[in-house]
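Participant: dropping the sequence and predicted coords here.
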2 protein chains.
Amino acid sequence: MRTEMERGWLWLKGLSLRSLANVYEIYRQTTKIATDDPRKLIHSFKVGLTLTLVSFFYYFRPLYNSFGVSAMWAVMTVVVVFEFSVGATLGKGLNRGLATLVAGALGVGANHLASLAGKTSEPILIGLFVFIQATVSTFVRFVPRVKARYDYGMLIFILTFSLVSISGFRTDEILNLAQKRLSTILIGASTCVIVSICVCPVWAGEDLHNLIAGNVEKLGSFLEDLTAENFRPSEAAQTENGSSGVSVMSSLNSVLDSKSSEETLANFARWEPGHGRFMYRHPWKQYVKIGNLTRQCGRRVEALVNAYLHSKTQAAEEIRGTIQDAFSGMISESGKALKEVASAMETMSRPPSPDPHLANLKIAAVNLKSLLKSNFWEGYSNLSQVIRVAAVASLLIDIVVCVENIADAVKELSSMANFKCKDVNFRQVLVEIPSTVSHDEVKVEGRLSAEVGRQILNV
Amino acid sequence: MRTEMERGWLWLKGLSLRSLANVYEIYRQTTKIATDDPRKLIHSFKVGLTLTLVSFFYYFRPLYNSFGVSAMWAVMTVVVVFEFSVGATLGKGLNRGLATLVAGALGVGANHLASLAGKTSEPILIGLFVFIQATVSTFVRFVPRVKARYDYGMLIFILTFSLVSISGFRTDEILNLAQKRLSTILIGASTCVIVSICVCPVWAGEDLHNLIAGNVEKLGSFLEDLTAENFRPSEAAQTENGSSGVSVMSSLNSVLDSKSSEETLANFARWEPGHGRFMYRHPWKQYVKIGNLTRQCGRRVEALVNAYLHSKTQAAEEIRGTIQDAFSGMISESGKALKEVASAMETMSRPPSPDPHLANLKIAAVNLKSLLKSNFWEGYSNLSQVIRVAAVASLLIDIVVCVENIADAVKELSSMANFKCKDVNFRQVLVEIPSTVSHDEVKVEGRLSAEVGRQILNV
């Protein structure tokens, strides 16, 4: 008897401990989300605020008297339209507003047409209209271009057309109903858009910009870390198993897996008006292109890590002397070149042209090729080592090509989006020149262009 | 005057030709969608049908009398819940039904609580409840596990709670209202689920199974094609520029880019009941794992193609003789091994163990390694050729490891999901043995197990 009670007590204790652990786990996860990205917490408050604002339609009698139960549509609109970023909210709001307008008008028309046919055939005709409309619209939603930008609008089109044309069968005030519904939806959608833009806005375009620049930067740091830590044979094995190696690989994986989020953000960004450093019609598509090139480069880097670190033959020890220096040099220059490009993107300035790191890289690639043509392998005891070295060399040469492609794409972006030139930062300086000195004796030094120099001299 | 008219005429002609071309383009795209996947056309008809069915609530007076305008909720539910696959529809339907039930109950409770506080503080209390609820629920939607499976449920929770608690402020029949709304939503959702399952169902699980098996198969064919076409030096350049080369690469890219659709399908599949060859709780997660391994292998194959075909040094000509045979052999065996695994998946039978192709591959990898240790490079004039060969060899050895990993994962899947053994296909055969023949003289041949043989002999 006592043991049973004891067992029950233990079970109860275990259960409560486990549920405590669960609660703690949930608490830990939510605090992590809030600290990782406080904008998510702010977004939640914004939704709560907007919903409370819109619910005033119910509380205040004058507002309620003019809209009645249609006020419900404002609440619904807020719940479904308010998204995390301004672009997504604007896109959904515009889709919803336009689709309601068009579908409402068509629905009223269809209803009127059906009512002309007489009481018995009216439901049949309406049913037919609804069937045809729903079938066609659902099919159109599969067209890729429609799916990317107007999917939500098509959904609302089906919804509104069906509701308006069917409701018309039971109420005579269909025009009044449609008008009330439309105005409440417009009020709900515009409240969302206003709160979304005015209270701590989250711009999809800015997120996209930071994501892409961040990925290029991550790849650069990854390459630099690779030189610093992993190309030293003694530490390679340790890093491979240790936790730092895992976290380093996860940063590379996050670059490789960001395709779908980049495309989503680019789709949202196209809805956004100009904001901060971005104009309306900023070349968002070019960002997607840079993202793809970055992933391509990331795959080569992954192959490098695999060929190098994770190979079962202890490759790290095989690379030494001149070759190790050449490899380390190329990897670190690639990393630096990528970081240079990333920082140019972040500051929205034109990447330096010619980029010293890129120039170094090209020279290094040529050197590596000629080094490999020389008798570098004399220091190695067997060919399998030479092969491992050769594989790494071949991947490195590929990576250099990828880095050049990324730099070119960023340069293209910088001219498409009119990034400012970093170096053209002239100030007009008045220089007093003693009248005894002739113009020919004055030297203009520093980064002043001939034009500016002449201006100074002509003062 | 005449030239202006002519110009206007030309402009009009151009415009009408362009709009005709646009219409034709849309027609071409839609017919392409319909022929590529006729299930999309059928799905559209299913949505039209369900919507028409549900709209009977309005047309028939007895039905309308019992539900009134609440019938609208059935229509809305159909439009937003009906998705392409059964899993997605079921997931959304269950999410919507449960969330409405819970949020409705809580909303009625909140309303009752607020009404106890008196007429003046009632709207303030309700507003407070709505604000807190919307903020907390919106934040919970960011938790990754909730987002994957219950995002729609949370949305409906916010919607229903807000609507019910706010509406209660203006109507006294709140319980009646909530009950009507819940029942129409349940009717709408269950109509969707029934039509979705009974009329040409599209199972996400089956799609996932086919997608993964298809990707493994595609990768296998890609490798086989690589041997057949591209490892012949003369054709390599042609394929690289020609259209067939591009379409071949696009098949590889489709494998590399399918991550997000695989994960979505796996999420949907978990909602589905047993269907066809799949039980409820089929190991869908293992499919995602196989998909990831396939992509890993695909990246190595991409690196191989890059190192091999797209390199600026004309690599194809450098590989010949014994090495070419060894390479072609390994690539084609890898392809065959992958196709074998894919066909085992497709037929849901256990992959043959030991797999002859895998065994060949292992031997080929060992041979390649030993070949590379021998003096194979004597036929080459300079080292850069040797290096290219070595890079390809190293990638090939990596690919063999990847193929083995995929085969292991499929073997794991086959034991998790109890795939049938292909070879155990016994039939009981009655054999009449003359009484003059003793048991020892009867030989059992073919694929009969000893057990079955003994049974026959003991008849």
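Facilitator: Perfect, thanks for sending it. Residues are numbered from 1 along each chain as shown, chains lettered A, B, ... in the order given.
Participant: in the host helix or strand of A:Ile399, which residues are buried?
Facilitator: Per DSSP states H and E, A:Ile399 falls inside helix A:383-416. For helix A:383-416, the neighbour count (16 or more other C-beta atoms under 10 Å in any protein chain shown) marks A:383-407, A:409-411, A:413-414 as buried. All C-beta spots, glycine's among them, are computed from the backbone N, C-alpha and C.
Participant: over to stretch A:356-365?
Facilitator: Buried-residue list, stretch A:356-365, by 16+ other C-beta under 10 Å: A:His357, A:Leu358, A:Asn360, A:Leu361, A:Ala364, A:Ala365.
Participant: out of these, list just those in helices.
Facilitator: The helices, defined by DSSP state H, take in A:His357, A:Leu358, A:Asn360, A:Leu361, A:Ala364, A:Ala365 from these.
Participant: which of these sits closest to chain B?
Facilitator: Lowest distance from chain B to those (C-beta to the nearest C-beta) belongs to A:Ala365, with 11.6 Å.
Participant: can you pull the contacts of that closest one?
Facilitator: A:Met330, A:Leu396, A:Ile397, A:Val400 (C-beta atoms under 8 Å, 6 or more residues apart in numbering or on different chains).
Participant: so where's chain A shaky on pLDDT?
Facilitator: A:1-2, A:169-172, A:228-248, A:307-322, A:372-388, A:422-459 (pLDDT under 70).
Participant: if we can go back for a sec, show me what the helix holding A:Ile399 is packed up against.
Facilitator: Secondary-structure packing of helix A:383-416 (3 or more C-beta pairs under 8 Å, 6 or more residues apart in numbering or on different chains; DSSP states H and E): helix A:284-308, helix A:321-346, helix A:356-373, helix B:284-308, helix B:356-373, helix B:383-416.
Participant: repeat that with 10 Å
Facilitator: Helices and strands touching helix A:383-416, by 3 or more C-beta pairs under 10 Å, 6 or more residues apart in numbering or on different chains; DSSP states H and E, are helix A:204-225, helix A:284-308, helix A:321-346, helix A:356-373, helix B:284-308, helix B:356-373, helix B:383-416.
Participant: turn these into CSV, columns for distance to B:Pro38.
Facilitator: Below are the helices and strands packed on helix A:383-416 laid out as CSV (distance: least, C-beta to C-beta, whole Å):
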stretch, distance to B:Pro38
helix A:204-225, 36
helix A:284-308, 32
helix A:321-346, 45
helix A:356-373, 52
helix B:284-308, 25
helix B:356-373, 35
helix B:383-416, 29
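Participant: so for B:Lys13, which of the ones you listed sits nearest?
Facilitator: helix A:284-308 (32.6 Å; C-beta to C-beta).
Participant: give the buried residues for the closest one.
Facilitator: A:284, A:286-291, A:293-308.
Participant: what of stretch A:145-152?
Facilitator: Across stretch A:145-152, burial judged by 16+ other C-beta under 10 Å covers A:Tyr150, A:Asp151, A:Tyr152.
Participant: next, the second one: phi, psi?
Facilitator: Dihedral pair for A:Asp151: phi -60, psi -50, per degrees, to the nearest 10.
Participant: show me what contacts it?
Facilitator: By C-beta atoms under 10 Å, 6 or more residues apart in numbering or on different chains, A:Asp151 lies in contact with A:Gly91, A:Lys92, A:Asn95, A:Val140, A:Arg141, A:Phe142, A:Val143.
Participant: my guess is the last one meets B:Tyr27, correct?
Facilitator: Spelled out, it's A:Val143. No: using C-beta atoms under 10 Å, A:Val143 is not in contact with B:Tyr27; the gap is 11.4 Å.
Participant: neighbour count for these two, which is higher?
Facilitator: A:Val143 (17 against 10; other C-beta atoms under 10 Å in any protein chain shown).
Participant: quick check: nearest residue in space to the more buried one, chain neighbours excluded?
Facilitator: Once flanking residues are discounted, A:Val143 sits nearest to B:Gln29: 6.0 Å by C-beta to C-beta, 6 or more residues apart in numbering or on different chains.
Participant: from what I see, the one you found and B:Thr35 are in contact.
Facilitator: No: using C-beta under 10 Å as the test, B:Gln29 is too far from B:Thr35 to be in contact (11.1 Å).
Participant: neighbour-wise, which of the two wins?
Facilitator: B:Gln29 (15 against 9).
Participant: stretch A:73-88 and chain B, any residue contact?
Facilitator: Yes: if you take C-beta under 10 Å from any C-beta of the partner chain as the test, stretch A:73-88 does meet chain B, through A:Val75, A:Met76, A:Val78, A:Val79, A:Val80, A:Phe82, A:Phe84.
Participant: from those, which is closest to chain B?
Facilitator: Nearest member of these to chain B, counting by C-beta to the nearest C-beta, is A:Val79, at 4.5 Å.
Participant: could you report the neighbour count for the closest residue to A:Gly291 other than its chain neighbours?
Facilitator: Using C-beta to C-beta, 6+ apart and skipping the chain neighbours, the partner closest in space to A:Gly291 is A:Glu262 (4.5 Å). A:Glu262 is flanked by 22 other residues according to other C-beta under 10 Å.
Participant: thought A:Glu262 was touching A:Leu256?
Facilitator: No: judged on C-beta under 10 Å, A:Glu262 makes no contact with A:Leu256 at a distance of 11.8 Å.
Participant: who touches both of those two?
Facilitator: In contact with both A:Glu262 and A:Leu256: A:Asn215, A:Thr294, A:Arg295, using C-beta under 10 Å, 6+ apart.
Participant: wait, isn't the first one in contact with A:Gln296?
Facilitator: Which is A:Asn215. No: A:Asn215 lies out of contact with A:Gln296 (C-beta under 10 Å); the separation is 11.9 Å.
Participant: does chain B sit close to stretch A:111-124?
Facilitator: Yes: contact between stretch A:111-124 and chain B, assessed by C-beta under 10 Å from any C-beta, occurs at A:Glu122, A:Pro123, A:Ile124.
Participant: of the residues you listed, closest to chain B?
Facilitator: Among the residues of stretch A:111-124 next to chain B, and counting by C-beta to the nearest C-beta, the member closest to chain B is A:Pro123, at 4.1 Å.
Participant: ok, now which ones touch the closest one?
Facilitator: Taking C-beta under 10 Å, 6+ apart, one finds A:Ala114, A:Ile166, A:Phe169, B:Ser55, B:Phe56, B:Tyr58, B:Tyr59, B:Phe60 in contact with A:Pro123.
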